[in-house]
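Asks: only geometry, no sequence info:
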């Protein structure tokens, strides 16, 4: 992704991340809160990955997708939060030109992959609940690996082109990014080259990503709800609806914040409000996902208890 020739032709050698200038008096408190949220999110998602691969009972398509999802969540939050913590603690707002575009690509790539994985998770649940007899045949190990590979491939292809094109433009100043990380919109607004075509390309790619993954998710959950309604037991219906509603809360937060940030015209006029929406996307949802998708699950509880029992016996 590097293009040293393009970087040498620009006057800007580093950017300044503005962070949250209105909350400078709360930097130490914000540092502690974001550090705790980051550690909780990384530990929760790492626990899911570890327990999934350690317990043979969790070697199923759903947990394979969930462990991959957790890995992407860890990558997603790690691209942004450590730099934000250095801003809060050390006041170090600068980031190199190369580092800024690397962060932008890593953030967008992991985020795009997450949305495709959400669609795959919805498809997996649809097949398991609505087509239980065909599920083992369709979701075989080869198909699972293929679907995950496709998610990463699509995420990479969709995001690498606009980020590389943007990095090749001229940046002659100013170099202050009104955000707490290097995102596409704020970077595009700092370029002194004509970039309307690149912004249009990025808008169309993000719209395609969100629309296709959202459509797949809506279709899958609509069929799941129809199936749940016809369940004979009221207890089973209540349990299924409880699980679905939890999933839909997370999906609403993720899709809502991304639509607010990216799928709208006139990026420049709403950059300040983007920061709050981005915080929801980068801090809140990665923290909620382990709890809602996996840690409430009885199978995971059983696997955790067994793992703790084995540790105690070894001592």
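Replies: Right, received. Where do you want to start? Just so we're clear, the structure is a prediction, and the values are computed from it rather than from any experiment.
Asks: pLDDT below threshold where in the stretch 101-250 of the chain?
Replies: 236, 239-247 (pLDDT under 70).
Asks: As a check, name the ranges of all helices in it.
Replies: Listed from the start of the chain, the stretch 101-250 of the chain has helices (DSSP state H, counting those that start in this stretch) covering 135-138, 141-167, 184-190, 196-229, 234-262.
Asks: which stretch among the ones you listed comes nearest residue 106?
Replies: helix 141-167 (9.3 Å; Cβ to Cβ). In this view, the C-beta of every residue, glycine as well, is placed from N, C-alpha and C.
Asks: Any buried residues in the closest one, and which?
Replies: Counting neighbours by 16 or more other Cβ atoms under 10 Å, one finds that the buried residues in helix 141-167 are 144, 147-148, 151-152, 154-155, 158-159, 162-167.
Asks: one step back: looking at the helices of the stretch 101-250 of the chain, which is buried most?
Replies: Per-stretch averages of neighbours, counted by mean count of other Cβ atoms under 10 Å, single out helix 184-190 among the helices of the stretch 101-250 of the chain, with a mean of 20.
Asks: And the closest residue to residue 214 other than its chain neighbours, how close does it get to residue 98?
Replies: Of all residues beyond its chain neighbours, the one nearest residue 214 is residue 255 (5.7 Å), with distances taken as Cβ to Cβ, 6 or more residues apart in numbering. Look at residue 255 and residue 98: by Cβ to Cβ, to the nearest Å, they are 31 Å apart.
Asks: ranges for the strands of the stretch 51-200 of the chain?
Replies: For the stretch 51-200 of the chain, the strands defined by DSSP state E, counting those that start in this stretch occupy 94-96, 176-177.
Asks: Could you look over these and pick the most buried one?
Replies: strand 176-177 comes out most buried of the strands of the stretch 51-200 of the chain by mean count of other Cβ under 10 Å, with a mean of 18.
Asks: And that one, what does it pack against?
Replies: Strand 176-177 sits against strand 14-17, helix 184-190, with contacts defined as 3 or more Cβ pairs under 8 Å, 6 or more residues apart in numbering; DSSP states H and E.
Asks: out of these, nearest to residue 83?
Replies: Going by Cβ to Cβ, the one of the helices and strands packed on strand 176-177 nearest residue 83 is strand 14-17, 7.2 Å.
Asks: which residues are in contact with the closest one?
Replies: Contact with strand 14-17 is made by 83, 87, 93-97, 100, 175-177, 179-182, 187, 190, as judged by Cβ atoms under 8 Å, 6 or more residues apart in numbering.
Asks: mind running it again at 10 Å?
Replies: The contact list for strand 14-17 (Cβ atoms under 10 Å, 6 or more residues apart in numbering) reads 83-84, 86-87, 92-101, 103, 171, 174-182, 186-187, 190.
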